[in-house]
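# everything below, folded, please.
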Amino acid sequence: MSPEPKLPRRRRGGSESGDRPSTIRDVAAKAGVSVATVSRALAGNYPVSAATRARVMDAVESLHYVVNVHAKALSGRVPGPIALVIQDITGPSLAHVAAGVEQEAAARGRLSLVCATHGDQQREDDLVQMMREQHAAAVVLVGGVPQDDVYHRRMAEYARALDAAGSRLVLVGRPPLPGGLPVTVVEYDNRGGAFQAADHLIAAGHRRVLFLGGVCGLSTGEQRRDGYVHALRAHGVPYAEELDIPGPYTRVSGYQRTREALDADLDFTAIVAGTDMVALGALAALREAGLDVPRDISLVGFDDVPFAADLTPGLTTVRVPYEDLGRTAVRLALEREQSLAEDAHVVLSTQLVIRQSVRTLA
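Next up is the predicted model:
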């Protein structure tokens, strides 16, 4: 029996002489030019004749030559990526920050990388170190944090280590750090937004406003609580501790906290929810209890995620410019590279969006 014919090996990015990956020398030999000319043609920033460039690109295509991007990055010839480090990539608000980062990075010819920590501090440390080693132009950290000495020390270490590597730490939705560290901060007006939400309800005649805020000790939750309390004081409405119920920014938590408030027979005519997801849970609990929004209970959210306008009734909420946060973070980080950035601390405004979930009391 004759032996089976051997199939030719499939070449993956190799040279014509075998499976060895093509090199820049192979390209130069096939195009009949020097290695330096190939390098200039690929870089695109040196004068090379159209005919020579065409020969080089034909050789690159026929040899399946792939530029060693990592080596170019180490030599400084490839601009560093923008790394976004967030706790969870599935949350609607964080997804919009990521979209803003990606859009601005792409518009400026940068690659964007999205990394999730899942709440693991060690993973965050590892990711920041990895991005430093990968020569990221900026590392963007997003989300509320505990404002304590441990956190400040960690961020100080991040900022100094990244700065020493020519990178930049950018904090989004977090307060600035003390001590004049090399860090860029892009915040939004949490306090002002929560003030607007509570003020709108109080101006509509509500005096017993249930506040479903965030976890105690985290910067975002504390700022929104401050805005709520400030609105009460501005209208001379007494603060009622039993109406201030902290918890996670989740739909389940919004449902559970509202059910507990109803089961405890708390007297309230309106709710300020710390996020739209919390408001969604609160809405489900109210309907389960046979209560109508806004006829029986008025409801205001925070974030203005896409589904807020499609709820029945449409949810009055505070709009946070999440995509602008991401875009601004990238812009400030990259303009700093070019010495164009005017400020390392920016606060974006929030806006109350009035829909149909609030009723004016007689």
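# switch to C-alpha atoms for all contacts and neighbour counts from now on
Noted.
# what does stretch 270-279 contact?
Applying C-alpha atoms under 8 Å, 6 or more residues apart in numbering, the external contacts of stretch 270-279 come out as 197-198, 201, 206, 208-214, 221, 224, 249-255, 282, 297-305, 308, 317.
# sitting in strands, which of those do you find?
Members of the contacts of stretch 270-279 lying in strands (criterion: DSSP state E): 209-212, 298-300, 317.
# which of the residues you listed are buried, as a ChimeraX select command?
Buried residues among those (16 or more other C-alpha atoms under 10 Å), as a ChimeraX selection:
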select :209,210,211,212,298,299,300,317
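# which one of the ones in strands among the contacts of stretch 270-279 is nearest to Tyr188?
Thr317 (15.1 Å; C-alpha to C-alpha).
# which residues touch the residue lying closest to that closest one once chain neighbours are set aside?
Excluding its sequence neighbours, the residue lying closest to Thr317 (C-alpha to C-alpha, 6 or more residues apart in numbering) is Gly301, at 4.3 Å. The neighbours of Gly301, taking C-alpha under 8 Å, 6+ apart as the test, are 197, 272-276, 278-279, 315-318.
# in the chain, which ranges drop under the pLDDT threshold?
For the chain, residues meeting the criterion pLDDT under 70 lie at 1-20, 43-46, 67-78, 337-343.
# tell me where it has strands.
82-86, 112-116, 138-142, 169-172, 183-188, 209-212, 244-245, 270-273, 298-300, 317-319, 345-348, 351-353.
# mind listing what the longest one pairs with, with the direction of each?
Pairing partners of strand 183-188, with direction, according to DSSP bridges: strand 169-172 (parallel), strand 345-348 (parallel).
# buried deepest among these, which one?
Stretch with highest mean neighbour count among these: strand 169-172 (a mean of 26; mean count of other C-alpha atoms under 10 Å).
# ok so, going back, let me know the closest of the ones in strands among the contacts of stretch 270-279 to His64.
Thr317 (53.5 Å).
# ok, back up a step: make CSV from the ones in strands among the contacts of stretch 270-279 and add distance to Ser357 to it.
Supplementary listing: these in CSV, determined by distance: C-alpha to C-alpha, whole Å:
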residue, distance to Ser357
Val209, 14
Leu210, 15
Phe211, 16
Leu212, 16
Ser298, 6
Leu299, 6
Val300, 7
Thr317, 9
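# sort out which one of the ones in strands among the contacts of stretch 270-279 lies nearest Ala41 for me.
Thr317 (54.0 Å).
# distance of the closest one from Leu84?
27 Å (C-alpha to C-alpha, to the nearest Å).
# next one: Ala344
In this structure, Ala344 and Leu84 are 18 Å apart, going by C-alpha to C-alpha.
# what residues does the spatially most central residue of the chain make contact with?
In the chain, the C-alpha nearest the mean C-alpha coordinate belongs to Val97, at 3.4 Å (C-alpha atoms, centre = their mean). Each residue near Val97 by C-alpha under 8 Å, 6+ apart is listed here: 322-327.
# re the thing from before, farthest-separated two in the contacts of Gly301?
Within those, Ala197 and Val278 form the most distant pair, 14.3 Å apart (C-alpha to C-alpha).
# quick one, phi psi at His64?
Note on His64: its backbone torsions stand at phi 60, psi 40 [degrees, to the nearest 10].
# burial count for it?
Around His64 there are 19 other residues, counting by other C-alpha atoms under 10 Å.
# can you offset everything so residue one is 54?
Yes, from this point I'll number from 54; that puts the last item at His117.
# I'd guessed it sits against Ser75; true?
Yes - here His117 reaches Ser75: they are 7.2 Å apart, a contact under C-alpha atoms under 8 Å.
# now the helices for the stretch 54-203 of the chain?
77-84, 88-96, 103-116, 122-127, 145-160, 174-186, 202-217 (DSSP state H, counting those that start in this stretch).
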